[in-house]
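# here is the input, now give the coordinates:
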Amino acid sequence: MTGQPVDLLRKVSLFNRLPEADLAKLAGHLRARQYRKNTMLFHKDQPGDTLYVVESGHIRIFLPTATGEELTVDVAGPGDVVGELALLDGRPRSASAQTVEETAVQVLSREDFLQYLTAAPRLAAALLELLSTRLRQITEYAESLAFLDIHGRVAWALLQLAGRHGVDHQGLEIDFDMTQTELASMVGATRERVNRALASFRIQGLIELRGRKIALLDTEKLRQRIY
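Numbers count the residues shown, from 1 in each chain. The predicted model follows:
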């Protein structure tokens, strides 16, 4: 683990507005879990009674399709929360979640979450902001699939991932391993088409492929490729 639960909560936008006393109480209800790479945390349509707070590692959120394919809609990293929708309405999970790498989380039960939600107006306000952000992300994602060509979609996805999970390392490097198949599942395209788009960006000097990591070398020109 990277630290004490209360230290983690201070870094999470959903909880960092709470007074220290409330953070300490909430931290007392968290339970630490560690998962290996490619572990399924939950499946779409399963009952949802747990909130995951990511401490280290990354979690892929995806929708399984009727043909057995997967559409990745988000990747959560340290400081993000996963599974908040099912906690609010008590309905089954709206998507599936799987670890991208070895991942450490703190989990909070629906009962404890709702107890604090009703007692803490600041938490309710932060939750509304989180849900608004989620809605905006989903809207932008849907627009990218509907209106952009494959190069635009790949550029958009890389910028989104680097913006949230990028580290400054001779370029803006996306901080987790990602295969071209996994990237293809984010942009709704075949691996071959994604491969051609990445090759084009690499030749133009916009990105660098470092094994299973991708570094963005010129984010401005990559952004221009979206439009």
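# contacts only, for Ala27.
4-6, 9 (CB atoms under 8 Å, 6 or more residues apart in numbering). Bear in mind the C-beta positions are built from the backbone N, C-alpha and C, glycine included.
# out of those residues, the closest to Gly152 would be?
Leu9 (37.6 Å; CB to CB).
# count the neighbours of the closest one for me.
Neighbourhood size, Leu9 [other CB atoms under 10 Å]: 22.
# that one against Lys25, yeah?
No - taking contacts as CB atoms under 8 Å, Leu9 lies outside contact range of Lys25: 10.5 Å.
# give me the domain ranges for this structure.
Under the assignment automatic domain parsing, the domains of the chain span 5-144, 149-224.
# which stretch in the ones you listed is the model least sure about?
Lowest mean pLDDT within those: domain 5-144, a mean of 91.
# what about that one, how long is it end to end?
End-to-end span of domain 5-144 (CA to CA, to the nearest Å): 36 Å.
# tell me how far that domain lies from the chain's centre.
Offset of domain 5-144 from its chain centre (CA atoms, centre = their mean, to the nearest Å): 9 Å.
# do stretch 158-171 as well
Here stretch 158-171 is found 13 Å from its chain centre; the criterion is CA atoms, centre = their mean.
# could I get that stretch in CSV with only the CA atoms?
Provided in CSV are the C-alpha atoms of stretch 158-171 (Å, rounded to 0.1, in the frame of the first residue of the first chain):
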residue,chain,number,x,y,z
LEU,A,158,-4.3,9.1,-26.6
LEU,A,159,-4.7,12.7,-25.5
GLN,A,160,-7.4,11.7,-23.0
LEU,A,161,-5.3,8.9,-21.6
ALA,A,162,-2.2,11.1,-21.4
GLY,A,163,-4.1,13.9,-19.8
ARG,A,164,-5.3,11.7,-17.0
HIS,A,165,-2.5,9.2,-16.7
GLY,A,166,0.5,10.8,-18.4
VAL,A,167,3.9,11.3,-16.7
ASP,A,168,6.7,13.6,-18.0
HIS,A,169,9.3,11.2,-19.3
GLN,A,170,10.9,12.5,-22.5
GLY,A,171,7.4,13.3,-23.7
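# quick revisit: so which of the contacts of Ala27 sit within helices?
Judged by DSSP state H, the subset of these located in helices is 5-6, 9.
# can you pull out the strands in the protein?
31-35, 40-42, 50-56, 59-64, 70-76, 81-82, 96-99, 103-109, 166-168, 172-174, 207-210, 213-216 (DSSP state E).
# okay, those in TSV with mean neighbour count and distance to Leu183 next?
Shown next, in TSV, are those (neighbours: other CB atoms under 10 Å; distance: least, CB to CB, whole Å):
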stretch	mean neighbour count	distance to Leu183
strand 31-35	14	22
strand 40-42	18	20
strand 50-56	21	20
strand 59-64	19	11
strand 70-76	20	8
strand 81-82	20	20
strand 96-99	20	15
strand 103-109	22	19
strand 166-168	13	15
strand 172-174	23	10
strand 207-210	17	11
strand 213-216	20	8
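# quick one: contacts for Asp22?
By CB under 8 Å, 6+ apart, the neighbours of Asp22 are 116, 120.
# my bad, Asn195
Gln180.
# show me what contacts Trp156?
144, 148, 187, 226.
# roughly how far apart are it and Thr219?
12 Å (CB to CB, to the nearest Å).
# please go through the protein and pick out the longest helix.
In the chain, taking DSSP H as the definition, the longest helix is helix 121-147.
# in it, what counts as buried?
123, 126-127, 130, 141, 144 (16 or more other CB atoms under 10 Å).
# run the chain-centre distance for it.
12 Å.
# good, we can wrap up now.
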